[in-house]
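Participant: based on what follows, work out the 3D shape:
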Amino acid sequence: MTPLVLLLAGLLAAPPDAPADAPASDVSVEAGSVTYAPDAERYRLLGGARLRRGDAVLRAGEATYDAATGEIVAEGGVLLTDPTRAVAAERIRAVLGGAFEAERVRAFIKAEPAELSAAATPEAARATGRNALSLSGDRLAGDASGRLRLLGARLTLCDCGGGPPSWEVRAREADVVPGERAILTRPVVYVTPRLLGVNRLVPVLWLPWLYVPLGERQTGLLLPELGSPGATGPVVALPLFVTLGRSADLTFTPQWAFGGDRVRGPIAGLELRWAPAADAAGRVELTAVNDLRDEPDDANGPGISGGRLFLEGSHAQRLGPATHLAARLALASDPQWARDFSPGELARAAEYQRSSLLVSRRRDAVVLEGGAAWLQRLAGAEAGYDLVVADRDDAHRIPGLSAVLLPRSLGPLAVEGRAGVARFAPLSADADASGRPAATRADGRLELSLPLVVGNALSLRPYVRGAGATYAFDDGASPAAAGWGLAGVALSTELSRRYGALRHAITPRLEWRAGSSTMGDTLTGPAYDGFDRAALGLLSAAPPGSFHQLRLAVETRLAGPAATPLRLEVGQDLDLRAGRAGETFVAAAVAAGPLAADGVARFLAFDGRETPAPAPSVASELDRFTELRARVALALGRYGALRGGILAVGPGASSDLVAGPDALFDLRPADVRGVGAATLGARAVLGPATLDYEALLAGRAQVVERCGDPARPIGAGHVLQHTSTLAWDSPCRCFRVALSARLNDCGEFGGGATVELSRPAAVR
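Facilitator: Reported below is the predicted structural model:
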């Protein structure tokens, strides 16, 4: 609905000094008969008028142009075109730069510029290029500002060729400000239910009034939404979109939850988005619930009712050529929020949320970082929980500063290191839930290495590293200081041969590493993070005491011009101090045509752990693996795809998962009795429709607490959740319908339905 007056003005405007006996030089005129009245400065075109100015063309049975007043009158099959639109009418009367009127109007706004200059009929103009908007009306009037009034309006974003559109809105009157909004009086929505065998427009919705935004960011009501997230049961929502200038907007979404297992009542959502500059954007969302369901306490936690709040958001920004800021916020007013409002089974089992802030700046070979991290427990919280604090508090990292020296040459040596200071403390206690006292820590590490290439065949890198930390405790304990060191060497070579376009390479690797025990004061509790050395816990830079380790590995791979169709690595960890074998590991990746797969398996093939791992609650074949990861995908061309994956951690976990930055591995068992999850999924393309299905399965036999019941065993392959989504794109490219459904093994059903219309913002 671009202002027609501007199109007419651009087509026929003639300079005031045009000669008296001919049209303006930049306007070409063709007709069976052209007459010019010098005294009235009027042109009259008869017998098939055709006027062209640049890419704009006007065709009509006859037309007059009054150069003195700027008035144009064209009638008899009028067709006005330029590369982005076509307007057909029985009669057009316009004053250049002023008001205009048109009768029996049809207009087609193109999604992309098209060659319309040769189109001699409205049907030819419609069929050339894709139409982003088609409209028609009995009478169209516009003023000098470009505002339009269309009587007997019919409009659609569908482009269905000569057939009826998938949907159309008819209204007694349309008040239009192009590029901003349209207000429809007494509109009726029609659809063509082709899926039911009906190929004509059928009225389905009558409204007294309708506001339609016509710009990329215009204030107005969005389409109603129907869904069922988490435990709320069916939810109906009516979003309101509000623009806040050029770089910000918000969406206010009143909702009503009709009641699932645990939530019923009104919900209000407020989402604010902003993008004030290039490389700067963020959002924050506040959700408020008045939970009317009086939920009793059960095995899954305390019952929750009344007012509930959730606040989440993020912001990322480039503060300069080498400076970045990233922030994330996630806070809930009660510990059961994830259980009740997260649609996925894995998200509903989350035990904490993390809020963080990080500012980083790189200067040559130094990266400076400053930030903070806040953990909020969701599971197992006691009474007294609120939006910020739970009784069971953690040692939050508030704040932390560090400087990292990237590898730099120092003569024949390479040097790298780190220095940092951080405070770890709960909000309102002297120690956190695990007994760690509030403390301020300064830490540092420095590594020197000597990269060598021996005979153009052997890569050798010996290195030494020293690290240390000092602590000031808030509980009155004496300050502590600790230091440790390590030495190591990395050795590798490569043997390769080319077979046509394929290159086969074999790469043996060896890494030896030995570390000292802690000198000075050893932390007697769990470490604060991986830069500490502690006597207890696994979140530590390395195992307590000294360590002496060796890792042997060999990799073979086939590399093609554009991809690596095969990669296989086999390795073995050795604990030289204890004289025992550590984990054996195998990693593989395959890419062969439509098939792509990769996986990692770690297991204790020769010796067990010195300290036994906790016994699994239920024995499983996966107990043979300390860690197993695998993914596979099979593309079926235009028909869809198949996919699957598994992640399993055996009793005690993998020594690679719990090792800190100093050790190659740590064979101390974690307090894990064996967990695993798997997914199976498929995508089917059914013409304009796409069907996605995914099943979440237990990866191994285990004992779980689910559905409010006491702990019970489930077997490997037990389906925890089914998720399916059916999306259908209109062949007319004017809307998309998506239906989603979820069903878990507790019998809880959820899902939703959305309808997305094509953006009328394509209309300028």
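Participant: what residues are bridge-paired with residue 739?
Facilitator: Residues in a beta bridge with residue 739, per DSSP bridges, are residue 726, residue 753.
Participant: quick check, pLDDT for it.
Facilitator: Residue 739 carries a pLDDT value of 87.
Participant: could you give the bridge partners of residue 441?
Facilitator: On the basis of DSSP bridges, residue 441 is bridged to residue 422, residue 471.
Participant: what's the neighbour count on it?
Facilitator: As a burial measure, residue 441 scores 21 neighbours (other Cβ atoms under 10 Å). Backbone N, C-alpha and C define where each C-beta goes, glycine included.
Participant: residue 162 versus that one, what's the distance?
Facilitator: 74 Å (Cβ to Cβ, to the nearest Å).
Participant: do residue 463 as well
Facilitator: 74 Å.
Participant: now do residue 497
Facilitator: Counting by Cβ to Cβ, the gap from residue 497 to residue 162 is 63 Å.
Participant: same check on residue 461?
Facilitator: Look at residue 461 and residue 162: by Cβ to Cβ, they are 72 Å apart.
Participant: so which of these two has more stuff around it?
Facilitator: Under the criterion of other Cβ under 10 Å, the comparison of residue 461 against residue 162 puts residue 461 first, with 16 against 7.
Participant: which residues does the more buried one contact?
Facilitator: Neighbouring residues of residue 461 by Cβ atoms under 8 Å, 6 or more residues apart in numbering: 449, 450, 451, 452, 489, 490, 491.
Participant: could you give the bridge partners of the closest residue in space to residue 508 that isn't next to it in sequence?
Facilitator: Leaving out its chain neighbours, the residue that sits closest to residue 508 by Cβ to Cβ, 6 or more residues apart in numbering is residue 554, at 4.7 Å. Note on residue 554: beta-bridge partners by DSSP bridges are residue 508, residue 570.
Participant: residue 554: neighbouring residues, count only.
Facilitator: By other Cβ under 10 Å, 15 other residues sit near residue 554.
Participant: and for the one 4 residues further on?
Facilitator: Look at residue 558: counted by other Cβ under 10 Å, it has 17 neighbours.
Participant: the one 10 residues further on too?
Facilitator: Counted by other Cβ under 10 Å, the residues lying close to residue 568 total 14.
Participant: so it sits against residue 555, correct?
Facilitator: Yes - counting by Cβ atoms under 8 Å, residue 568 touches residue 555, with 7.0 Å between them.
Participant: in the sheet, who's paired with residue 581?
Facilitator: Bridge pairing for residue 581 (DSSP bridges) gives the partners residue 574.
Participant: which ones are touching the spatially closest residue to residue 356 that is not a sequence neighbour?
Facilitator: Leaving aside its sequence neighbours, residue 356 sits nearest to residue 373 (Cβ to Cβ, 6+ apart; 4.6 Å). Going by Cβ under 8 Å, 6+ apart, residue 373 touches 354, 355, 356, 357, 396, 397, 398, 400.
Participant: for residue 712, grab the count of nearby residues.
Facilitator: Look at residue 712: counted by other Cβ under 10 Å, it has 10 neighbours.
Participant: from here on, call the first residue 42.
Facilitator: Shifting the count to begin at 42 puts that one at residue 753.
Participant: and the gap between residue 686 and residue 328?
Facilitator: Distance from residue 686 to residue 328, by Cβ to Cβ: 31 Å.
Participant: let me see the confidence value for residue 54.
Facilitator: For residue 54, the predicted pLDDT is 37.
Participant: an error on my part: the question was meant for residue 155.
Facilitator: Predicted confidence (pLDDT) for residue 155: 88.
Participant: what are the ranges of the strands in the stretch 142-291 of the chain?
Facilitator: Here the stretch 142-291 of the chain has its strands, by DSSP state E, counting those that start in this stretch, at 172-183, 189-197, 208-218, 222-226, 229-232, 243-247, 250-254, 261-262, 266-268, 276-278, 281-284, 289-298.
Participant: alright, calling it a day.
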